[in-house]
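S.K.: coords please:
(one chain, ligands or ions: 1)
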Amino acid sequence: MLLDLERNAVTATESLDRAVSPQLAALWSRGTDFLGSRYAILGGAMSWVSERHLVAAISNAGGFGVIACGSMSPSLLEAEIAATQALTDKPFGVNLITMHPALDELIQVCLRAGVGHIVLAGGVPSGAAVKAVKDGGAKLVCFAPALVLAKRLVRSGADALVIEGSEAGGHIGPVSLMVLAQEILPVMRDVPVFVAGGLGRGDAILGMLEMGAAGAQLGTLFAATSESIAHANFKKAFFRANARDALPSVQLDERFPVIPVRGLVNAGTKRFLATQAETLRRFQANEVTREEGQLSIEHFWAGALRRAVIEGDVEEGSVMAGQSVGMVREERPVAVVIAQLLDEAEAMLASRGPAPASV
Ligand SMILES: Cc1cc2nc3c(=O)[nH]c(=O)nc-3n(C[C@H](O)[C@H](O)[C@H](O)COP(=O)(O)O)c2cc1C
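M.R.: Now for the predicted structure:
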């Protein structure tokens, strides 16, 4: 760890109060103003991973941490928010899944605790959920998987958008960030738009800011940091993996849809294919109905992320990871990761020298 810090020539404290160049500050000012953070770098919510320690570490290091509520009950979420507030006095957000059966209650828990930013993920939020967030005075962040939906979300009240490319870890859409960015960033100027998916370097983030992004959201890079509670096996799997090892889940037959999730290929992903093949065979032999078959496929991954993240079973569990996993080689503190992103963005800006006089 010491060697690592020396090589990167930064310390954990340095990035906490480090000023950025006027160019970088101007490029992401819309993002920092919106988030209330020093840097417009969000730690994307990751179920089981984005809990008090990682979220507080990201916010304390000048980024913006986001708690992943996942399937937590309202009382568990309430405790997690309070515990995070005990670890940081900086702003952080909470990510809620729209299909959670207690969504209304979860929103109220966030509002009562004074959470300023609520991210509604996993589908277009209902009018009631949008109204509850806004009436409670929190800022609403939504995921926009296409321009038409981005416009609709802003019309219905979203205060900011995240566009997440298919390079990302976890549940993904079909379109890459490179294409989403070109489709949405030049057009969507009404609200800040944060980009996510495949980002692992500060110069790449800079490129997105120059296209009009307000900031960047990263997950994979933060999942393997020192402050992440992910099991050592989970982190080691990240260090070993290359971009090509983080693949989307495969669907064998369109009659049995599979929700696309990007993660590391392992024994579980291979067994998932075999399960689909067996389900298809039994369906064709009239041994199960389509509904029964679909249910067995949907249940396959139940509890599998926890199994990998918390229990460390990286062979049978779901090791969600984005393609940027190939850029994760060792465990580093969050502040060091953020400092390196800043270094890379600043180095790119500096390498251009002063702007040439126009002719
Ligand atoms: C292990 C893991 C779990 C994730 N869980 C969630 C989640 O619960 N909710 C969510 O909105 N996004 C989730 N994501 C997506 C991240 O919030 C983030 O948008 C994504 O990781 C960004 O892309 P990157 O992985 O290329 O950095 C998850 C990602 C990973 C790697």
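
S.K.: now do the helices in the stretch 1-150 of the chain.
M.R.: Assigned by DSSP state H, counting those that start in this stretch, the helices in the stretch 1-150 of the chain fall at 2-8, 22-27, 29-35, 52-60, 74-87, 103-112, 127-135, 147-156.

S.K.: residues contacting the closest residue to the ligand within the stretch 151-300 of the chain?
M.R.: Proximity of the stretch 151-300 of the chain to the ligand (C-beta to the nearest ligand atom) peaks at G219, 2.0 Å away. Every residue, glycine included, has its C-beta placed from N, CA and C. Residues touching G219, when contacts are defined by C-beta atoms under 8 Å, 6 or more residues apart in numbering, comprise G43, G44, A45, M46, A168, G169, G170, A196, G322.

S.K.: how about a cut-off of 7 Å?
M.R.: Listed by C-beta atoms under 7 Å, 6 or more residues apart in numbering, the contact partners of G219 are G44, M46, A168, G169, G170, G322.

S.K.: skipping its backbone neighbours, what lies nearest it in space?
M.R.: Once its chain neighbours are removed from consideration, G219 has its nearest residue in G44; the separation is 3.7 Å (C-beta to C-beta, 6 or more residues apart in numbering).

S.K.: what parts of the stretch 251-359 of the chain come near the ligand?
M.R.: Within the stretch 251-359 of the chain, the positions near the ligand by C-beta under 6 Å from any ligand atom are M320, A321, G322, S324.

S.K.: check what pLDDT the second one gets.
M.R.: I take that to be A321. Looking at A321, its pLDDT reads 98.

S.K.: can you pull the phi/psi pair for it?
M.R.: Geometry field for A321 lists phi and psi as phi -160, psi 150, criterion degrees, to the nearest 10.

S.K.: measure it to G303 for me?
M.R.: Using C-beta to C-beta, to the nearest Å, we find A321 at a distance of 18 Å from G303.

S.K.: who has more neighbours, the two?
M.R.: For A321 versus G303, neighbours defined as other C-beta atoms under 10 Å are more numerous around A321 (28 against 13).

S.K.: G263 is in contact with that one, correct?
M.R.: Yes - using C-beta atoms under 7 Å, A321 makes contact with G263 at a distance of 5.6 Å.

S.K.: ok, now which ones touch R306?
M.R.: W48.

S.K.: now with 10 Å?
M.R.: In this structure, R306 makes contact with S47, W48, G70, S71, D313, G317, S318, judged by C-beta atoms under 10 Å, 6 or more residues apart in numbering.

S.K.: next one: F64
M.R.: By C-beta under 10 Å, 6+ apart, the contact list for F64 reads 31-32, 34-43, 55, 58, 90-93, 117, 194, 215, 217.

S.K.: same thing with V325?
M.R.: Taking C-beta under 10 Å, 6+ apart as the contact definition, V325 lies against 169, 198, 200, 220-221, 223-224, 237-246, 262-264, 319.

S.K.: pLDDT value on it, please?
M.R.: We note a pLDDT of 98 for V325 in this prediction.

S.K.: what's the answer for V175, then?
M.R.: What the model reports as pLDDT for V175 is 98.

S.K.: isn't S126 up against C142?
M.R.: No - if you go by C-beta atoms under 10 Å, S126 and C142 don't touch, sitting 11.8 Å apart.

S.K.: residues shared between the contacts of those two?
M.R.: With contacts taken as C-beta under 10 Å, 6+ apart, S126 and C142 have T98, L120, S156 as neighbours in common.

S.K.: for the residue most central in space within the chain, give its distance to G63.
M.R.: Residue closest to the average C-alpha location in the chain (C-alpha atoms, centre = their mean): G44, at 2.8 Å. In this structure, G44 lies at 11 Å from G63, with C-beta to C-beta as the measure.

S.K.: how about low-confidence regions in the stretch 1-150 of the chain?
M.R.: When residues are selected by pLDDT under 70, those of the stretch 1-150 of the chain lie in 1-16.

S.K.: same thing but 50
M.R.: Within the stretch 1-150 of the chain, the stretches falling below the threshold (pLDDT under 50) are 1-15.

S.K.: what does it have sitting close to the ligand?
M.R.: Listed as neighbours of the ligand in the stretch 1-150 of the chain under the rule C-beta under 6 Å from any ligand atom: G44, A45, M46, S47, V49, A68, G70, N95, A121.

S.K.: of those residues, which is the most crowded?
M.R.: Looking at those with neighbours defined as other C-beta under 10 Å, the largest count falls to G44 at 31 neighbours.

S.K.: I figured that residue was touching H171, is that so?
M.R.: No - taking contacts as C-beta under 10 Å, G44 lies outside contact range of H171: 11.4 Å.

S.K.: need the overlap of contacts for the two.
M.R.: Taking C-beta under 10 Å, 6+ apart as the contact definition, G44 and H171 share the neighbouring residues A121, E164.
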